[in-house]
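1. Please work out how this folds:
(one chain, ligands or ions: 1)
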Amino acid sequence: MTTEEFVLELQRIGAVKFGSFILKSGLESPFYFDLRDMISYPGILDGVAQLLADKIKDMKFDVLTGIPYTALPIASLVSAKLNKPLIYMRKEEKAYGTGKNVIGQYKKGDVCLVIDDLITTGASKVETAEAYEKEGVVVKDFVVVIDRSANGAEELGAMGYNLHSLISLDEIVELLQSKGLISDEKVKEVEAFTSSLAKPVEQDVYTNPLTQKLLDKMKEKQSNLVLSLDVTTQKEFFGMLDKVGDEIVMLKTHVDIIDDYDETFVPRLQQYASRQNFLIFEDRKFADIGNTVRHQFRNGVYKIADWAEYVTVHMVAGEMILKGLFEGIEGHAGFVLARMSSKGNLLNETYTRKCFEAAKKNPQWVAGFIGHGSSVEDIRRFKAKFPGNQVLLMPGVKLERGSDAMGQQYISVEDAVSGGADCIIVGRGILNATDPQAEAKIYRQRAWTAYRGRNEK
Ligand code: 5BU
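-> Okay, here's the model as predicted:
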């Protein structure tokens, strides 16, 4: 089967339709592609598998996969034709137990070629690649049957992946038009539709005032170091601030671990903050229903809202937590916990994406995200998905990569910042040093150098 014959077959079986269709996004599209039913036409399925096999036979890879469901049966035929092993990923990520996410035999470091039916934007492809990379499988190339994207190749290219396609939307339209199978008018509609999609999306210029405040303070103080002051007495707390307060842009507290907390604590903290010129971030990780977190934030012993402009927000309870926390009070914003640094944490990619969606809908209440990553590349891809101008704060950072005995995982200052962390959050790396002041200076200098280096590029 030639590519042309394949396209004509697709039209014949209704897998490629021209008309008027409402897409999931709500947009009205003049065409619609759905290759799912191809499995009911073994001749067509085999034909496309052969076309794909011809396309990829000289590429270098160890295993191949198809993204479930549509592309998996196609990939399995390609696998047989090229005698290359097939693997696939469960559609629902297993976030528990020891169950395998990837089915099939592979070795760590194997290069996997990924087949999919369509590409509209690169986003879901990148997610797939990341999921494989988490399992030790390397992804470099995607091969799709139809490229209906505006700039999918560029989008994937920017993330370090190559896109190959059997056929593009333009080629389909051209072929069907030349055969008199679609009207010239329809062709114009398709062109208008695709060029409207290709228009650069209006950049979201909104920057949360609390994000801006932090960025301004970083610039003013020439520091992107956040100290996590996890000590349990006021003496240690303020003693440490005497040593390192001048080096930091923001202080992160866990107020509920101070044994001798009393009414003198907050005024004293505020004096330090104004004298040493740092912002205050209480790392109380709110996670309850809106009504409860509202009280936890504003009432009780600590009355956090009175003195902390920034707090951490878990998105488990849904986006209304933001309303519960921040509605009706000015000058506060949250850092949404999109990824954690602890080993075995249950935040998976779907969860992270939901955090971004919630922030996109409530930009006035989200200053940034807390996140972590296994490598520079991993962090870069994570940050690329931020829905706006939010900052990335990264805990689990030390001068060198490592871990502690209770599941904390550390990456290095340079990896964190060059990957995309705007601020690093450091606790014991500084607190346990023999000379915390000298150590804080080293962290500050290394993080700030990496930050400036990144922004100059
Ligand atoms: P460390 O001493 O540098 O390991 O302290 C890290 C701090 O950051 C500590 O206060 C944690 O509560 C906090 N943290 C973290 O380590 N990892 C995370 O994913 C989140 C917060 Br969220």
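2. Just the local confidence number for the closest residue to residue 326 other than its chain neighbours, please.
-> Excluding its sequence neighbours, the residue lying closest to residue 326 (Cβ to Cβ, 6 or more residues apart in numbering) is residue 365, at 4.3 Å. For every residue, glycine as well, the C-beta is placed using N, CA and C. If you check residue 365, the pLDDT there is 98.
3. what's residue 103 sitting at in phi/psi?
-> phi -100, psi 140 (degrees, to the nearest 10).
4. what mean pLDDT does stretch 247-258 have?
-> Mean predicted confidence for stretch 247-258 is 98.
5. if we can go back for a sec, which residues lie in contact with the residue nearest to residue 326 in this structure?
-> Taking Cβ atoms under 8 Å, 6 or more residues apart in numbering, we find residue 365 in contact with 208, 322, 323, 325, 326, 333, 334.
6. In strands, which of those residues fall?
-> Judged by DSSP state E, strands contain the following of the contacts of residue 365: 333, 334.
7. quick one, domains of this structure?
-> The record's domain split for the chain, according to automatic domain parsing, is 3-198, 209-456.
8. And the ones you listed: which comes nearest the ligand?
-> Closest to the ligand of those is domain 209-456 (Cβ to the nearest ligand atom; 2.6 Å).
9. Any residue of that closest one touching the ligand?
-> Yes - using Cβ under 6 Å from any ligand atom, a contact is recorded between domain 209-456 and the ligand, made by 228, 230, 254, 283, 337, 340-342, 370, 372, 395-396, 408, 425-429.
10. Can you tell me which of these end up in helices?
-> 428, 429 (DSSP state H).
11. could you flag which of the residues of domain 209-456 next to the ligand are buried?
-> 228, 230, 254, 283, 337, 340-342, 370, 372, 395-396, 408, 425-427, 429 (16 or more other Cβ atoms under 10 Å).
12. What about these, which are in strands?
-> Per DSSP E, those map to strands at 228, 283, 337, 370, 425, 426.
13. Tell me where the model's unsure across the protein.
-> Within the chain, the ranges that satisfy pLDDT under 70 run 24-25, 92-99, 198-204, 457.
14. Tell me how many other residues crowd residue 306.
-> 11 (other Cβ atoms under 10 Å).
15. Starting from residue 46, give me the distance back to it.
-> 69 Å (Cβ to Cβ, to the nearest Å).
16. do the same with residue 423
-> Distance from residue 423 to residue 46, by Cβ to Cβ: 54 Å.
17. Helices along the stretch 301-450 of the chain, start to end?
-> 320-326, 349-361, 376-384, 413-419, 428-431, 436-456 (DSSP state H, counting those that start in this stretch).
18. any idea which of the ones you listed is most buried?
-> Highest mean neighbour count of the helices of the stretch 301-450 of the chain: helix 413-419, a mean of 24 (counted as mean count of other Cβ atoms under 10 Å).
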